[in-house]
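Enquirer: I'd like to go over a predicted model; first the sequence, then the structure.
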Amino acid sequence: INIQKQLGISSNLNSKIKNKVSFFKWKKVCIMTNIDKVLGINSKGELWTWGNDVDNMYKISEDNDNNFESVSCGLSDAILIKSGKIYDIDTNLIPTLQAVSNNSDFKKIYSGNYFNIGMKNDNTLWGIGDNNNGELGLSFNGKKLTAINAGYVLDWEKITEESNWKEVSISPFNNNEVYALKNDGTIWYWGKDISNTPLQYGVDNDWKSISNSPSHLMLVKEDGTLWGKGTNDKGQLGNNSTVDDLVLKQIGVEDNWNKIYTTLNSTYAIKEDGTLWGWGEDANELFMAGNTLDKDSPIQIGIEKTWEDLTIPYDNKLIFAMQKSKIEVNNINNLMNKEKIGIRPISNTSLSKATKFASPNSIEGEGDGTIENPYTFKEALATLVPGDVLFLRGGVYETPLTGFRIYDTGTSAKPIIIESYPN
C-alpha cells in the first residue's frame with residue numbers, strides 16, 4: 001500500500017513487486033502507522049523521512065550531523081537515539097527533534113502504546129511513559145509520586161538491576177504486553193494481564209528470536225526450530241491450520257529459522273540462508289503469491305538469499321527489508337574471483353607478520369584478535385591501524401553493509417594489509 005507515498009519511490013501507486021528505496025544503505029527504518037510517515041537512519045548515521053503524502057525524501061539531520069543510531073515508531077509518534085541520548089520527534093511535515101531527558105548511554109529503543117523501553121550499552125532496560133497496566137515492568141502500576149500526568153512515568157526508570165538483556169518485543173494496540181530475551185537464552189514477560197514486574201516465560205534457556213502481536217506469539221530457538229501459540233484464524237501460526245492453539249508448540253520440523261517478526265494477523269521470518277518467508281493474512285499481497293488468500297503455512301517471498309532485517313507495521317500494509325552482504329574468503333591458492341578477497345597465486349605476506357586475525361565463526365565481543373581467539377570481520381576492520389596485518393580465515397563472512405568500516409588510514413611506510421590464511 002502506497003497511497004501516502006510511504007514506500008519512498010516518488011509515486012503514490014500501490015506496488016506488488018519489490019522496489020529499491022533510494023541508493024542509500026539503511027540500518028534502521030520505522031513507520032508511524034496511523035499517519036503513514038516513515039523515518040529512516042542510513043549507514044552514514046543520517047536521519048531521513050518520507051510518506052504522509054510528501055513527494056520526496058527529506059533529510060532531517062544537518063549536513064554534519066551523522067550520529068543517529070536507532071529509531072522506533074509508535075502509532076503516531078517516534079523516539080530515537082542520537083549519541084546515546086533519547087530524542088522525541090514531532091509529526092510536522094519536516095519533523096523537529098526534542099531531547100526527552102539528560103539520561104544517556106542508550107543503544108536500542110522500543111516503542112509501545114504511549115510508552116517506551118530503552119536498552120543501554122550495559123544491557124540494562126529502562127522505561128518511560130504509560131504504566132497503567134504495568135507495561136514498564138517497574139513493580140507497580142500507574143505513576144511515580146513525582147509524575148504530573150496520572151498513570152505516567154515522566155523520566156527513565158530502570159527495569160530491575162539485571163544487565164543481561166538482549167532484545168525486546170512489544171505488542172501494539174492496547175494490550176501492552178512486553179516480551180524480552182536475555183543473553184542467557186531465557187524469555188521474560190510483563191504488562192497487561194501478566195504482571196507489573198518481569199516473570200520468566202517457561203523454563204527453556206535456548207531462545208534466540210522473539211516477536212509478539214496482539215493475536216499470537218512466535219519464537220525461534222538456537223537450534224533453528226520455530227515455535228508459536230495464539231489466535232490462528234488467518235493461519236498466522238503457520239501450522240497448516242486455522243485453529244487457535246494457546247499452548248506453545250513447535251511449528252513444522254525445519255531447523256533453519258533465524259529471525260521472526262509478527263504483525264496483527266501475519267508472520268514473517270528470515271531463515272539462516274537469508275531467504276524471506278511469510279504466512280497468515282495476505283490482504284495486501286505482500287507474500288508475492290499472486291493472490292490475497294490467507295496462507296496457513298510458510299511460503300517463500302522472492303528468491304533472494306541476502307535478507308538481514310525487516311520493518312513491518314502492525315497493519316501489514318508494507319514491508320521494508322534490509323539486505324546483507326556476503327564476502328567469501330578462500331585460501332590463497334584458489335583462482336581469482338571478484339566475489340572473493342585476499343586471493344592471489346602466491347602470498348606476499350608471511351603469517352608470522354600477522355597482528356590481528358578474524359574468522360567467520362567468531363562471535364562479536366568474545367574475541368581478542370589472536371590466532372587462538374580471532375575477531376569477527378567487523379571488529380577486525382574497526383581496530384585496524386597503520387602497520388597492521390589482518391589475516392582472514394577461509395569461509396563466508398555475513399555482516400550488514402554498515403559493518404564495513406576501517407577507521408584509520410594506512411601509509412606508504414605503514415600500510416594496512418589484509419590477507420587470507422595460507423593453505
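Expert: Thanks, I have the structure now.

Enquirer: Just to check, residue 219 is in contact with residue 261?
Expert: No. Judged on Cβ atoms under 8 Å, residue 219 makes no contact with residue 261 at a distance of 11.8 Å. For the C-beta atoms, the positions are set from N, CA and C on the backbone; glycine is no exception.

Enquirer: Neighbour count: the two, which is higher?
Expert: The neighbour comparison of residue 219 against residue 261 (other Cβ atoms under 10 Å) goes to residue 219, with 27 against 20.

Enquirer: So for stretch 372-388, mean pLDDT?
Expert: For stretch 372-388, mean pLDDT is 86.

Enquirer: Quick check: which element contains the nearest residue to residue 139 once chain neighbours are set aside?
Expert: If the residues on either side of it in the chain are set aside, residue 139 comes closest to residue 197, at 4.5 Å by Cβ to Cβ, 6 or more residues apart in numbering. Following DSSP states H and E, one finds residue 197 within strand 195-200.

Enquirer: Residue 206: neighbouring residues, count only.
Expert: When neighbours are counted by other Cβ under 10 Å, residue 206 comes out with 11.

Enquirer: Pretty sure it sits against residue 224.
Expert: No. Judged on Cβ under 8 Å, residue 206 makes no contact with residue 224 at a distance of 10.7 Å.

Enquirer: Count the neighbours of the spatially closest residue to residue 237 that is not a sequence neighbour for me.
Expert: Nearest residue to residue 237, sequence neighbours excluded (Cβ to Cβ, 6+ apart): residue 228, at 4.6 Å. Using other Cβ under 10 Å, residue 228 has 23 other residues around it.

Enquirer: Off-centre distance for the strand or helix carrying residue 308?
Expert: Taking DSSP H and E as the definition, residue 308 sits inside strand 307-311. Centroid displacement of strand 307-311 relative to its chain, using Cα atoms, centre = their mean, to the nearest Å, is 7 Å.

Enquirer: same thing with stretch 69-78?
Expert: 13 Å.

Enquirer: Kindly report the same for stretch 354-368.
Expert: 23 Å.

Enquirer: ok, now stretch 72-91?
Expert: 16 Å.

Enquirer: can you count the residues close to residue 42?
Expert: By other Cβ under 10 Å, neighbour count at residue 42 equals 21.

Enquirer: so it sits right up against residue 25, yeah?
Expert: Yes. Between residue 42 and residue 25 a contact is recorded at 6.4 Å, counting by Cβ under 8 Å.

Enquirer: so residue 119 touches residue 86, yeah?
Expert: No. In this structure, residue 119 is not within contact of residue 86 by Cβ under 8 Å, at 11.4 Å.

Enquirer: Local confidence estimate at residue 212?
Expert: For residue 212, the model assigns a pLDDT of 94.

Enquirer: Can you name the residues bridging to it?
Expert: Applying DSSP bridges to residue 212 gives these bridge partners: residue 217.

Enquirer: now it: how far from residue 177?
Expert: The gap separating residue 212 from residue 177 is 6 Å, by Cβ to Cβ, to the nearest Å.

Enquirer: Same check on residue 123?
Expert: 22 Å.

Enquirer: So which of these two has more stuff around it?
Expert: residue 177 (22 against 15).

Enquirer: How many residues are close by residue 164?
Expert: 11.

Enquirer: Relative to residue 261, how far out is the residue most central in space within the chain?
Expert: In the chain, the C-alpha nearest the mean C-alpha coordinate belongs to residue 309, at 5.6 Å (Cα atoms, centre = their mean). Look at residue 309 and residue 261: by Cβ to Cβ, they are 9 Å apart.

Enquirer: Now that residue 230 has come up, it's in contact with residue 211, right?
Expert: No. Using Cβ under 8 Å as the test, residue 230 is too far from residue 211 to be in contact (11.4 Å).

Enquirer: Now for these two: what residues contact both?
Expert: residue 217 (Cβ atoms under 8 Å, 6 or more residues apart in numbering).

Enquirer: Of those two, give the one with the bigger neighbour count.
Expert: A count of neighbours by other Cβ under 10 Å puts residue 211 above the other of residue 230 and residue 211, at 24 against 19.

Enquirer: Could you give the number of residues near the nearest residue to the more buried one once chain neighbours are set aside?
Expert: Closest residue in space to residue 211, ignoring its immediate chain neighbours: residue 262 at 4.3 Å, by Cβ to Cβ, 6+ apart. Residues within reach of residue 262, counting by other Cβ under 10 Å, total 27.

Enquirer: Kindly report the same for residue 370.
Expert: 12.

Enquirer: close enough to count as contact, residue 43 and residue 25?
Expert: Yes. Counting by Cβ under 8 Å, residue 25 is a contact partner of residue 43 at 4.1 Å.

Enquirer: Nothing else from me, thank you.
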